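K.L.:
Requesting a structural model of the entry that follows:
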Amino acid sequence: MKRTLIPATLLTASCIVLAAVTLALSGCRSLLPDHIVNPSYRLRSVIPHVAIALPLTRSAIDFDFTIVVDNPNPIGVHLEWLDFDLAINDTPILHSVRADQGVNIPPHGVGDIHLRTRVEYSNLKALFREIADMVQGNRASYRIEGNAYYHTPFGLKRFPVTLYSR
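P.N.:
Model (predicted):
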């Protein structure tokens, strides 16, 4: 009688372990990389800082952008960097700017990222009308298009980013 209990016990234990492994693997299936979705982005604020210098070729405008990132995923993500293009009033100003971030966005949570870009004198000439409007108190419209690079448990993921302010 004891001889038949040992194989039955081993068979039962094997079935339980196999069932647990199957459940664990099927439960993780919803977290596969193709199920991680792009967070949503919203432009919270834009603050321009005009720096006039002599000679004028040393003048620049710094723009501080605050962007809200809403992570709909059940896992946290870490924003490594953004690469983007900037247009002001539909005038392309900056191309292929890389902004390192290092911001953690919790699961189903929200986080702020801050971008600071500098528009040099060579690009300011193309913005003369927009700068004059800003000085007179008119609002400028901004467009940021690029990619966000997130570190996830499944490796580095790239998602498109498009932001508009009007």
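K.L.:
Test my guess that Phe154 contacts Ile75.
P.N.:
No - taking contacts as Cβ atoms under 8 Å, Phe154 lies outside contact range of Ile75: 9.0 Å. No exception for glycine: its C-beta is placed from N, CA and C like everyone else's.
K.L.:
Now the phi/psi pair for Ile52, please.
P.N.:
Here is the backbone geometry of Ile52 (degrees, to the nearest 10): phi -90, psi 130.
K.L.:
Excluding chain neighbours, give the residue nearest to it in space.
P.N.:
Leaving aside its sequence neighbours, Ile52 sits nearest to Ser59 (Cβ to Cβ, 6 or more residues apart in numbering; 5.1 Å).
K.L.:
Tell me how many other residues crowd that neighbour.
P.N.:
Ser59 has 15 neighbouring residues, counting by other Cβ atoms under 10 Å.
K.L.:
so the residue most central in space within the chain bridges to which residues?
P.N.:
In the chain, the residue lying closest to the centroid (Cα atoms, centre = their mean) is Ala148, at 4.1 Å. Beta-bridge pairing for Ala148 (DSSP bridges): Leu82, Phe159.
K.L.:
so it makes contact with Asn71?
P.N.:
No - at 11.1 Å, Ala148 and Asn71 do not qualify as touching, with contact defined as Cβ under 8 Å.
K.L.:
got a list of contacts for the top strand by length along the chain?
P.N.:
Looking across the chain with DSSP state E, the single longest strand is strand 91-105. With contacts defined as Cβ atoms under 8 Å, 6 or more residues apart in numbering, strand 91-105 is touched by 39, 69, 71, 76-87, 111-113, 115-117, 119, 123, 126-127, 130, 146.
K.L.:
Quick one: mean pLDDT for it?
P.N.:
Across strand 91-105, the average pLDDT comes to 85.
K.L.:
After it, heading C-terminal, what element do we hit next?
P.N.:
Once the chain leaves strand 91-105, the next helix or strand it forms, by DSSP states H and E, is strand 110-120.
K.L.:
What is that following strand packed up against?
P.N.:
Applying 3 or more Cβ pairs under 8 Å, 6 or more residues apart in numbering; DSSP states H and E, we find strand 110-120 packed against strand 60-70, strand 77-88, strand 91-105.
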